[in-house]
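K.L.:
give me a model of this one.
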Amino acid sequence: MIILGLVLLLIGLLASISILTTIGAILLVVGLVLNLVPIGGTRRRVY
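P.N.:
Okay, the predicted model is just below:
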């Protein structure tokens, strides 16, 4: 998702298409957030 966002962002900037730039930036941010935030049961349980 990060790579797709980066590609769309670059294509949007080079071709000056604003909708591709916006979608690329959104996908890049969402991909980075999902990469940094642990999803699922990653808490360690100590018994």
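K.L.:
contacts only, for the most centrally placed residue in the chain.
P.N.:
Relative to the mean C-alpha position of the chain, the nearest C-alpha, by C-alpha atoms, centre = their mean, is the one of residue 31, at 2.4 Å. Taking C-beta atoms under 8 Å, 6 or more residues apart in numbering, we find residue 31 in contact with 1-2, 4-5. Yep, even glycine has a C-beta here, placed from its N, CA and C like the rest.
K.L.:
inside helices: which ones of the residues you listed?
P.N.:
Here DSSP state H is the test, and the contacts of residue 31 give 2, 4-5 as lying in helices.
K.L.:
circling back to that earlier point, most neighbours out of the contacts of residue 31, which is it?
P.N.:
residue 5 (19 neighbours; other C-beta atoms under 10 Å).
K.L.:
model confidence for that one, exactly?
P.N.:
Here, the pLDDT recorded for residue 5 equals 90.
K.L.:
correct me, but it touches residue 21?
P.N.:
No - using C-beta atoms under 8 Å, residue 5 makes no contact with residue 21, being 10.5 Å away.
K.L.:
ok now the longest helix along the chain, how far from the chain's centre?
P.N.:
Longest helix in the chain, counting residues (DSSP H): helix 18-36. Centroid separation for helix 18-36 versus its chain: 4 Å, with C-alpha atoms, centre = their mean, to the nearest Å.
K.L.:
can you pull the buried residues of stretch 11-20?
P.N.:
By 16 or more other C-beta atoms under 10 Å, the buried positions in stretch 11-20 come out as 12, 20.
K.L.:
give me the low-pLDDT residue ranges for this structure?
P.N.:
The chain contains residues with pLDDT under 70 at 39-47.
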